[in-house]
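sharing a model prediction with you, sequence too.
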Amino acid sequence: METVYGVDGAGDRGRALGGFLRARRGRVAPERVGIAPGGRRRVRGLRREELAQLAGISVDYYVRLEQGRATQPSPEVVDALARALGLDTAERAHLTTLACDRRGPAPAARVSPLLRRVLDSMAGLPAFATDHRLDVVAWNALGAELIGGVDDPRRRDGNNARFLFLDPASRQVQPDWRDRAAEAVGQLRVAAGRWPDDAGIAALITELSERSADFRAIWATGEIVMCAAGRKRVRHPEAGLLTLDFETLHVPAAPGESGLVVHVYSAADGSPDAEALARLAARLGRPVRG
């Protein structure tokens with residue numbers, strides 16, 4: 001069995017930084033950065049010495065970064081590595097987080113009475129709130145129903161990542177399962193880098209890596225997928241296949257807390273999806289819980 005520290009990014013900042021760099025290095029095609037691929041390569045993507053040269057740092061220092069023996073690169077080195085790896089905004093932010101010395105107790109996540117009232121007032125829109133561990137901590141009736149019945153522990157697990165990777169029913173609820181799975185892994189990777197001392201995140205990542213080959217494969221890519229708004233498809237046994245717009249709203253964190261994310265879904269007025277949601281909401285007619 002793999003230990004918590006056996007998973008890159010779970011509980012060990014050095015391993016997290018090295019694992020992320022290694023995964024992103026493997027993504028860069030040599031010809032994309034002006035390097036002739038040459039003969040047969042033993043590694044996918046760039047070699048360590050090639051990336052070090054592109055970033056303008058010594059090979060020895062870069063090797064120590066990947067091995068977790070150097071854990072606090074300067075902002076200039078972080079910027080050079082981000083440019084050499086072609087990181088996007090979210091990936092660059094994650095690399096910066098990993099390079100910081102973040103220590104402290106695991107943050108709490110509190111659902112305020114105001115947030116409960118807000119969710120209750122949105123009875124016609126599916127909505128739910130998650131914490132940094134992807135636990136669904138509050139919801140309204142329509143939101144709970146839309147994501148597989150999270151208000152009933154007999155129907156699904158209360159953690160979104162555990163539901164996605166360990167419950168076959170998630171593939172019925174989420175027809176675009178692989179996209180949703182990649183988002184969950186990306187969010188957990190960011191959380192693990194931001195709160196390296198959070199035993200709950202480390203334990204969850206370890207559990208999923210031990211029990212799900214899909215999780216291991218996606219985690220190994222080092223992907224950072226952060227979805228703030230867009231469109232998703234969800235399948236409900238009564239309402240059918242729905243295509244909905246969504247927004248994620250960030251609840252500011254109080255001191256010592258991690259903050260929450262509220263996920264809100266909607267459909268265009270007069271559309272078949274909006275009508276299906278309205279029928280489902282009318283049938284449920286239950287107050288917010290969580």
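Alright, I've got the coordinates.

the longest strand along the chain: partners in the sheet, and parallel or antiparallel?
If you go by DSSP state E, the chain has its longest strand at strand 240-251. The pairing partners recorded for strand 240-251 under DSSP bridges are strand 229-236 (antiparallel), strand 260-266 (antiparallel).

save those strands as JSON lines, and put in distance to Arg27 too.
Where C-beta positions appear, they are placed from N, C-alpha and C, glycine not excepted. What follows is the strands paired with strand 240-251, written out as JSON lines (distance: least, CB to CB, whole Å):
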{"stretch": "strand 229-236", "distance to Arg27": "23"}
{"stretch": "strand 260-266", "distance to Arg27": "27"}
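
could I get the ones you listed as CSV with mean neighbour count, distance to Pro196 and mean pLDDT?
Output for the strands paired with strand 240-251, formatted as CSV (neighbours: other CB atoms under 10 Å; distance: least, CB to CB, whole Å; pLDDT from 0 to 100):
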stretch, mean neighbour count, distance to Pro196, mean pLDDT
strand 229-236, 15, 29, 95
strand 260-266, 20, 20, 96
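
between the ones you listed, which one is nearest to Ala253?
Comparing the strands paired with strand 240-251 against Ala253 with CB to CB, the closest turns out to be strand 260-266 (8.2 Å).

contacts for that closest one, please.
109, 111, 115, 118-119, 122, 125-131, 137-138, 143, 146, 232, 234, 244-251, 274 (CB atoms under 8 Å, 6 or more residues apart in numbering).

on that earlier part again, so which of the strands paired with strand 240-251 gets nearest Leu280?
Judging the strands paired with strand 240-251 by CB to CB, what sits closest to Leu280 is strand 229-236, at 6.9 Å.

for Ala138, helix, strand, or coil?
strand (DSSP: H, G, I helix; E, B strand; the rest coil).

that one: how many residues sit nearby?
As a burial measure, Ala138 scores 24 neighbours (other CB atoms under 10 Å).

was I right to think it contacts Ala109?
No: between Ala138 and Ala109 there is no contact under CB atoms under 8 Å: 10.0 Å.

surely Ala161 and Leu188 touch.
Yes: with contact defined as CB under 8 Å, Ala161 and Leu188 form a contacting pair (6.0 Å).

shared neighbours of those two, which are they?
Residues touching both Ala161 and Leu188 (CB under 8 Å, 6+ apart): Leu134, Leu204.

now the helices for the stretch 51-200 of the chain?
59-66, 75-85, 89-99, 113-121, 141-146, 160-166, 170-173, 177-194, 199-211 (DSSP state H, counting those that start in this stretch).

tell me which of those helices is the most buried.
Stretch with highest mean neighbour count among the helices of the stretch 51-200 of the chain: helix 141-146 (a mean of 25; mean count of other CB atoms under 10 Å).

quick one: residues in contact with that helix.
Residues from elsewhere that reach helix 141-146 (CB under 8 Å, 6+ apart): 119, 123-128, 150-151, 234, 236, 242, 263, 265, 277, 280-281, 284-289.

show me which of those are buried.
The neighbour-count test (16 or more other CB atoms under 10 Å) applied to the contacts of helix 141-146 identifies 119, 123, 125-128, 150-151, 234, 236, 242, 263, 265, 277, 280-281, 288 as buried.

would you check that Phe20 makes contact with Leu98?
Yes: here Phe20 lies in contact with Leu98, judged by CB under 8 Å, at a distance of 6.1 Å.

tell me how far the residue nearest to Gly186 when sequence neighbours are not counted lies from Glu183.
For Gly186, ignoring the flanking residues on the chain, the nearest one in space by CB to CB, 6 or more residues apart in numbering is Val225 at 3.5 Å. Separation of Val225 from Glu183 (CB to CB, to the nearest Å): 5 Å.

cool, thanks, talk later.
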